[in-house]
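Enquirer: From the sequence below, what's the structure:
(one chain, ligands or ions: 1)
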Amino acid sequence: MKIAVMKELYKGENRVPLVPATVEKLTKLGANIEIESGLGMPCRFEDADYVKAGAVIGSDRAEMLSSSDMVLRLRKPPMDEVETMKKGCIHVSYLDPFNEVELVDKLKEAGISAVSLEMIPRTTVAQKMDVLSSQANLGGYVAVILGADHLDKVFPMMTTPAGTIKPARVFIIGVGVAGLQAIATAKRLGARVEAFDTRPVVEEQVKSLGAKFVKVDLGETGQTKDGYAKELTPEQMAKQKEEMAKACANADVVITTAQLFGRPAPRIVDRAMLAAMRPGSVIIDMAVETGGNVEGSEVDKIVEIEGVKVIGLGNLPGRAAETASQMYSSNLGNFVDHFWDKEAGVFVLDREDEIMQGALITHNGEIVSEMYKSIMNK
Ligand code: NAD
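Expert: Residues are numbered from 1 along each chain as shown. Reported below is the predicted structural model:
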């Protein structure tokens, strides 16, 4: 079974989909891996490292795509490469299906079995292949480091002969995977940390990391069966903003991570709230690429609004590219391994498996994801 791994074309992307250690693991399973020449260079993995791990090196992209049974990559496939792939080819990558309707239709028409790694269910068994978690975790870490870099105060309390310096105050809105890592990182750097999430179950987790949970009585909020937040009513949103305004005004660094599955991120921090913050404070909008939690934040830019530095840099995990690649690669390797028939030496697209049911979007010329069909009214 031939598996091609494609070089990333997206500008500024330094993560790579597969590192040599995963190639070794998959080769041992019996996979024939063909790596596009230069694949690992953004993270300093040479072609020779991949060859040593058992891969062969390909240099003709079209030839690689048209001759492989499976294609692995990081980001979604470029539109003009879909038809180059073999009918029946299994394509595994991030796909962003809810925002890529045209691409999903094209994959369907080309008879590609497209797996969207974002759609892997959040179950215990699937945790080892959960790219959303591995990358969000790193994103939370990077957000705090960025915040510390852009703030002109130190994070920890310092007792010195020159006086006692108070610790910086960090407020985190949204405590999923990214938010939890952000709390842990900010605590390690010595900040005083507060956090809020609409899911009440999070309070215990926040406290166990030594941070304070900001309580807001929003009435019924809850979460979906997969643990995702439900959208708030306009009244709940207004109440949340009122309470968030106070916590933001007290903070030196605010990190927002709030997301709603399959929908644009909620707008939580408005201009009036920014105006109430101390000049020189920093806010990092981790949801900037899905619509933004902060009014005025711009993708890949740092802008100053009402004296507050609003950081909207995208792809935060990509700023720790080597670690992010190791984690993504390991997730990808675990996904392939899970469906690998060790005796026959092939990947089995098992549609009875609940992970495949969640992640497979198109197959055999049809859209097969029930979740995608219900959200997109297909
Ligand atoms: P996410 O990226 O979808 O959202 C980030 C956070 O924003 C969430 O905690 C959400 O509740 C919060 N949020 C949404 N609207 C908000 C608002 N208006 N104000 C404040 N916060 C708001 O979340 P995620 O990190 O992908 O995690 C989603 C869930 O999945 C969590 O319950 C997490 O524990 C769970 N999870 C489970 C597994 C597993 O079991 N394998 C793995 C990863 C995550």
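
Enquirer: what is the mean pLDDT for the helix ranked longest in the chain?
Expert: In the chain, taking DSSP state H as the definition, the longest helix is helix 131-150. Confidence over helix 131-150, taken as the mean pLDDT, stands at 98.

Enquirer: would you list every one of the helices in the protein?
Expert: Under DSSP H, the chain gives helices at 20-29, 47-52, 61-67, 101-109, 131-150, 177-188, 202-208, 234-250, 271-276, 321-338, 354-359, 370-376.

Enquirer: tell me the most buried of these?
Expert: helix 177-188 (a mean of 24; mean count of other Cβ atoms under 10 Å). Using the backbone N, CA and C atoms, a C-beta is placed for each residue, glycine as well.

Enquirer: what does the stretch 151-300 of the chain put close to the ligand?
Expert: Neighbours of the ligand within the stretch 151-300 of the chain, by Cβ under 6 Å from any ligand atom: 173-179, 196-199, 227-229, 232, 240, 257-261, 266, 268.

Enquirer: Which of those residues are buried? Put it as a PyMOL command.
Expert: Command for PyMOL that selects the buried part of these, burial taken from 16 or more other Cβ atoms under 10 Å:
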select buried, resi 173+174+175+176+177+178+179+196+197+198+199+229+232+240+257+258+259+260+261+266+268
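
Enquirer: What about the residues of the stretch 151-300 of the chain next to the ligand, which are in strands?
Expert: 173, 196 (DSSP state E).

Enquirer: Residue 3 is in contact with residue 72, correct?
Expert: Yes - between residue 72 and residue 3 there is a contact at 6.3 Å, judged by Cβ atoms under 8 Å.

Enquirer: Identify the contacts common to the two.
Expert: Shared contacts of residue 72 and residue 3 (Cβ atoms under 8 Å, 6 or more residues apart in numbering): residue 336.

Enquirer: Identify the residues contacting the closest residue to the ligand within the stretch 151-300 of the chain.
Expert: Going by Cβ to the nearest ligand atom, the ligand is nearest to residue 176 of the stretch 151-300 of the chain, at 2.2 Å. By Cβ under 8 Å, 6+ apart, residue 176 lies in contact with 136, 197, 257, 259.

Enquirer: for residue 326, same thing?
Expert: 19, 21.

Enquirer: let's see it at 10 Å
Expert: The contact partners of residue 326, by Cβ atoms under 10 Å, 6 or more residues apart in numbering, come to 15, 16, 19, 21, 22, 43, 134, 320.

Enquirer: any idea how far it is from residue 70?
Expert: 21 Å (Cβ to Cβ, to the nearest Å).

Enquirer: Quick check, pLDDT for the nearest residue to residue 104 once chain neighbours are set aside.
Expert: Leaving out its chain neighbours, the residue that sits closest to residue 104 by Cβ to Cβ, 6 or more residues apart in numbering is residue 97, at 5.3 Å. Note on residue 97: pLDDT of 95.

Enquirer: now the one 4 residues further on
Expert: pLDDT, residue 101: 95.

Enquirer: Same question for residue 317.
Expert: 98.

Enquirer: Could you give the number of residues near it?
Expert: 23 (other Cβ atoms under 10 Å).

Enquirer: so what's it up against?
Expert: Residues in contact with residue 317 (Cβ under 10 Å, 6+ apart) are 15, 131, 134-142, 178, 323-325, 327-328.
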